[in-house]
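*Asks:* Coordinates only, no sequence provided:
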């Protein structure tokens with residue numbers, strides 16, 4: 001399991017969780033990196049960028065994709081802080 005946040009440009013702002021180890025990701029180097037540096041699905045129907053853009057638009061998005069031999073499932077939603085931009 002892991003949790004991440006992005007900015008409006010879909011650059012990673014934070015990421016936490018043991019599931020990141022399965023991705024072979026160096027968490028310390030993720031901040032400011034494009035989302036596709038962390039999530040690189042091997043399933044052809046995965047639209048990681050599209051899913052995140054829909055979530056930024058206010059939609060709650062469920063997803064499923066394969067990355068290598070692993071399957072990831074989750075829910076995306078936009079978290080807003082009052083008084084700050086999305």
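*Replies:* Good, I have the coordinates. Since we're looking at a predicted model, the values are computed, not measured.
*Asks:* Now do the strands in this structure.
*Replies:* Assignment of strands within the chain using DSSP state E yields the ranges 3-6, 12-16, 61-67, 70-76.
*Asks:* do you know which of the ones you listed lies nearest residue 55?
*Replies:* Of all the strands of the chain, strand 70-76 sits nearest to residue 55, with 3.9 Å by Cβ to Cβ. Quick note: C-beta positions are derived from backbone N, CA and C, even for glycine.
*Asks:* Output the contacting helices and strands for that closest one.
*Replies:* helix 19-23, helix 48-56, strand 61-67 (3 or more Cβ pairs under 8 Å, 6 or more residues apart in numbering; DSSP states H and E).
*Asks:* can you redo these as CSV with distance to residue 10, mean pLDDT and mean neighbour count?
*Replies:* CSV is the format used below for the helices and strands packed on strand 70-76 (distance: least, Cβ to Cβ, whole Å; pLDDT from 0 to 100; neighbours: other Cβ atoms under 10 Å):
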stretch, distance to residue 10, mean pLDDT, mean neighbour count
helix 19-23, 17, 79, 15
helix 48-56, 5, 92, 16
strand 61-67, 13, 90, 16
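*Asks:* Other residues contacting the least confident helix or strand in the chain by mean pLDDT?
*Replies:* Scoring the helices and strands of the chain by mean pLDDT, DSSP states H and E places helix 19-23 at the bottom, with a mean of 79. By Cβ atoms under 8 Å, 6 or more residues apart in numbering, the surrounding residues in contact with helix 19-23 are 1-2, 27, 38-39, 67, 70, 72.
*Asks:* Which of those residues sits closest to residue 48?
*Replies:* The closest of these, once distances to residue 48 are taken by Cβ to Cβ, is residue 39, at 4.9 Å.
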